[in-house]
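[1] build me a model:
(2 chains)
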Amino acid sequence: MYQYNEFDQTQIDERVAQFREQTNRFLAGALTEEQFRPLRLMNGLYFQTHAPMLRVNIPYGLLSSKQLRMLAHISRKYDKDYAHFTTRQNIQYNWPELAQVPDILADLATVQMHAIQSSGNCIRNITSDPLAGIQADEVEDPRPYCEIIRQWSTLHPEFSYLPRKFKFAVSGSPKDRAATEVHDIGIHMARNSAGELGFEVLVGGGLGRTPMIGQVINSFVDEKDILSYVEAILRVYNRFGRRDNKYKARIKILVKATGIEKFKEQVETEWHTIKDGPLKLNQERIDHVKELFIKQPYLVDKEPCSNSLALEQALETNEQFKAWFKQNTLAHKQTNYRIVYLSLKSPNRPPGDITDQQMDAVADLADELNAGEIRTTHDQNLIFADIHQNDLYYLWQQLQEIDLATANIGTLTDMICCPGIDFCSLANASSIDISQNITQRFKDSTTELGDIRLKMSGCMNGCGHHSIGEIGILGVDKKGEQWYQFTLGGSDSEASKLGQRLGPAIAKENVTKTVEDILDIYTENKQNSETFAETCHRIGIDSFKERVYGSR
Amino acid sequence: MVLVENNQLQASDSWHSINEEAPKVTDQSIISLAYWLENKVELANHKGKLGLSVMGDDELSQFSNELNSFELICINFPTFTDGRGYSLATSIRAAGYKNGLRAVGDILPDQVFYLSRVGFDAFEVADTVAAEFTLNKLKEFSVVSQPASDDRAVINQSG
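    You can find the predicted model right below:
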């Protein structure tokens, strides 16, 4: 993975010093809350219901074991012994003290981590495909380009006071595993007819209050021109994006109001003036960054260690292992290797939460079996990308000990969930208790029900991506009471799709029952091995409506 | 107001804005874009130095052809969170403007490093305390990771 050099280190150290000084001035009353607000947000710090919330960046979801141990240390020293992974591959702390945040940032800087632009109206963490570099269907590994975009966007002087937040996602595979179509800019790696490498660029996607699917602004931008192209988009947005109403300030609203053709014209007029300037990438630099992401040679043959079993033997002798293997591991492009999901969706904790002890144990296992590397996913799970099949049985046993082996990846109980009203000052309704009720009800049947993407947000800002859930649940406030709006048929894979509204919001106590009704309709109507999404698409939303509302 | 210009605290400001009390354009007058557009023809013969005052959302194309007839351009920030002036400054510099570029209005000392990177060389701040602070803040970072309108060298972090 990318290793920070002395320049990156100097930059983040100077950022910590800057934020320390700003925090001191705020605490001394020399900065007003209004003035401090954008400054702290650009360092990932929110003021929340109980305490500040600090969001720490994990660029394109790649972590070293050393970094994960530091994240564990921070949760012990400054927080309540746990942290929460987000839908943008980052991690959040819910209980830090404001006065200690500069110390937390200083600790993070020792392992080259930071909270730069993890919130605020600026360019946020660049997210990517959690399976980058290990799947056969890939055009090209997107991570070197994510890193190049990360460097360009870090402390960007021109784009730090944008109309609204700005999110990038980059995917190297035709299967969209990074929700690129619901980002302000989505980038797909592509090859043109001459076989040259470049990018298809989408603009104007987004979730939240007005969910929209991004539109293609240019179907092929040469790899050397990507920075000038995105800079041109940002400049047009910064100049013309609405600033009078924060709900209409995202680039999606601008693109829609301007029309994609006219918007493209504005962008490309600007682009042609800067295209051959200092933002042009040279092959040497691209190659250098790429080298940093090349894996050490894989060992095709590896004997099982003394606590493990050869894969075939393990599959034959242990049903529970077999179930986990089937649900939580994936084929790797390398022979004899598997991709392993560590499920953060155990029935015993809120979705995406992880304890300090789990973090330490995962770091140790990563060192032992996965070259010290951990990936985070936008589904709020972790991945070990390169596990030899003969290590799987041992790994599974170890993961069981730390409750990270729940065999539910891709199923109902592997749901996405935001922190909701329990922590977040924006939320209208709780989400954690709802998710726990659903998990308790379905934990035994979840694998039987097959692939189902349930996504839940506690308010329409949509951190839980409810709009693109196959089952989406949105918490709403009705005269001081918490109600839940269901949508069905959304998707975030391949072509993103927004879910359709099922009907009026459901009372809190009926949410689990409603999920039950929806799944009953599925199992009653399912043909052969149809997934929930397929059945839902085939029979339409009305049969679900009838069942859910007919009885009420 | 105290002026910080070219990394120095200035004892005074040799420029002045025209207003109702002093409506006549003299040497080193700062005029608004509206005034300039209205009186462009006459002002072309003006002998003294001219300054132009614009808002962050003003269109550069309205004055891009005459950019270097101004010795000073002031960009106004209505609120410190309105970033349009950053892009306007970038575009003004990219169009070849070499003279003074001043940030006025609601700006925080915390923003001057970025402002200096997009091409501003002068800042109007509240008082001498803020001015001293501004001078420190201009040196806040010793490395930058993207090209901008300044002459700070970009260190390719990746190699």
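[2] hey, let's count contacts and neighbours off CA atoms from now on
    Will do.
[3] show me the contacts for residue 112.
    Just so you know, I chose chain A. If you count contacts by C-alpha atoms under 8 Å, 6 or more residues apart in numbering or on different chains, A:Gln112 has them with A:4, A:8-9, A:12, A:67.
[4] nope, chain B
    B:123, B:134, B:137-138.
[5] what's the most distant pair in those?
    Farthest pair in the contacts of B:Val112 (C-alpha to C-alpha) is B:Phe123 and B:Lys137. Separation: 12.0 Å.
[6] tell me which of those two has more neighbours.
    Counted by other C-alpha atoms under 10 Å in any protein chain shown, B:Phe123 and B:Lys137 do not tie: B:Phe123 has more neighbours, with 29 against 17.
[7] which of the three states applies to A:Phe325?
    Using DSSP: H, G, I helix; E, B strand; the rest coil, the secondary structure recorded for A:Phe325 is helix.
[8] that one - how many residues pack around it?
    Using other C-alpha under 10 Å, A:Phe325 has 22 neighbouring residues.
[9] state the distance from it to A:Ser529.
    Distance, A:Phe325 to A:Ser529, by C-alpha to C-alpha, to the nearest Å: 20 Å.
[10] so can I have TSV of the contacts of A:Gln112 showing secondary structure?
    Shown next, in TSV, are the contacts of A:Gln112 (three-state DSSP):
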residue	secondary structure
A:Tyr4	coil
A:Asp8	helix
A:Gln9	helix
A:Ile12	helix
A:Gln67	helix
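[11] tell me where chain B has helices.
    In chain B, the segments counted as helices under DSSP state H are B:33-43, B:84-94, B:112-117, B:128-137.
[12] could I get these as a markdown table with mean pLDDT?
    As requested, these are exported to a markdown table (pLDDT from 0 to 100):
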| stretch | mean pLDDT |
| --- | --- |
| helix B:33-43 | 94 |
| helix B:84-94 | 98 |
| helix B:112-117 | 98 |
| helix B:128-137 | 95 |
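[13] report the contact partners of A:Glu316.
    Counted by C-alpha under 8 Å, 6+ apart, A:Glu316 has contacts A:Lys322.
[14] which bits of chain B sit near chain A?
    Taking C-alpha under 8 Å from any C-alpha of the partner chain as the contact definition, chain B meets chain A at B:57, B:81-84, B:86-88, B:90, B:113-115, B:117-118, B:140-148, B:155, B:157-159.
[15] among those, name the buried ones.
    Taking 16 or more other C-alpha atoms under 10 Å in any protein chain shown as the criterion, what is buried in those is B:57, B:81-84, B:86-88, B:90, B:113-115, B:117-118, B:140-141, B:143-148, B:157-158.
[16] which residues does the residue in the stretch 451-552 of chain A positioned nearest to chain B contact?
    For the stretch 451-552 of chain A, the residue closest to chain B is A:Asn461, as judged by C-alpha to the nearest C-alpha, at 21.2 Å. For A:Asn461, the contacting residues are A:207-209, by C-alpha under 8 Å, 6+ apart.
[17] can you tell me which of those has the most neighbours?
    Neighbour-wise, these (other C-alpha under 10 Å) top out at A:Leu207, 23 neighbours.
[18] quick one: it and A:Ser467 touch, right?
    Yes - with contact defined as C-alpha atoms under 8 Å, A:Leu207 counts as touching A:Ser467 (6.8 Å).
[19] contact partners for residue 147?
    No chain was given, so I picked chain A. With C-alpha under 8 Å, 6+ apart, A:Glu147 has these contacts: A:2, A:59, A:289.
[20] wait, chain B
    Shown in contact with B:Pro147 (C-alpha under 8 Å, 6+ apart): A:278-279, B:153-154.
[21] state the distance from it to B:Pro109.
    22 Å.
[22] try A:Glu138
    With distances taken as C-alpha to C-alpha, A:Glu138 is found 46 Å from B:Pro109.
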